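Participant: Sequence first, then the predicted structure:
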Amino acid sequence: MCTLAMLMAGIVEIMRTPEGQEIMRHLGYPVYILTIIGVGKAVGALSIIQPWFRTLKEWAYAGFTVNMLGAAASRAYAGDSAMLILSPLLFLAVLLTSYLLWKKRLPQAVASKQPSALQLASGGQEHARSGHPTSLVA
């Protein structure tokens, strides 16, 4: 859900909608920042969806954290209402929950790809036949 929201927000920011431009002006940022942030959000969302590159996923979560903290700080600095200041922080809480759940599942996923004790005891014969790169048989 977070990822879809960030992807959609990124696309809308890349399009530089009039509402987005108005918000950037209100916060004191140049309008072109919408494109930069939008591309970052879209790439970050796709990075979180992909299952292959864990470091890329970590960086995407870090980037979203910086984005949400910056959004809250910008809203506070502009003198916006408490709801506008807190909304990025609430989204950040959901995002961090997603991150923690992913990190909790990660050791289980890695462990399932490691050879079992039975496979190691049998000399890795099952791995050798399966072509698994951790095979003990040359």
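Facilitator: Structure's in. What do you need?
Participant: Let me see the contact set for Lys57.
Facilitator: Neighbour list for Lys57: Ser47, Ile48, Gln50, Trp102 [criterion: CB atoms under 8 Å, 6 or more residues apart in numbering]. Every residue, glycine included, has its C-beta placed from N, CA and C.
Participant: ok, 10 Å please
Facilitator: Residues in contact with Lys57, defined by CB atoms under 10 Å, 6 or more residues apart in numbering, are Gly44, Ser47, Ile48, Ile49, Gln50, Pro51, Tyr99, Trp102, Lys103, Leu106.
Participant: The closest residue to the second one other than its chain neighbours: which element?
Facilitator: Spelled out, it's Ser47. Closest residue to Ser47 apart from its sequence neighbours, by CB to CB, 6 or more residues apart in numbering: Ala60 at 3.8 Å. Assigned by DSSP states H and E, Ala60 falls within helix 54-77.
Participant: what distance separates that helix from the centre of its chain?
Facilitator: Put simply, helix 54-77 sits 9 Å off its chain's centre (CA atoms, centre = their mean, to the nearest Å).
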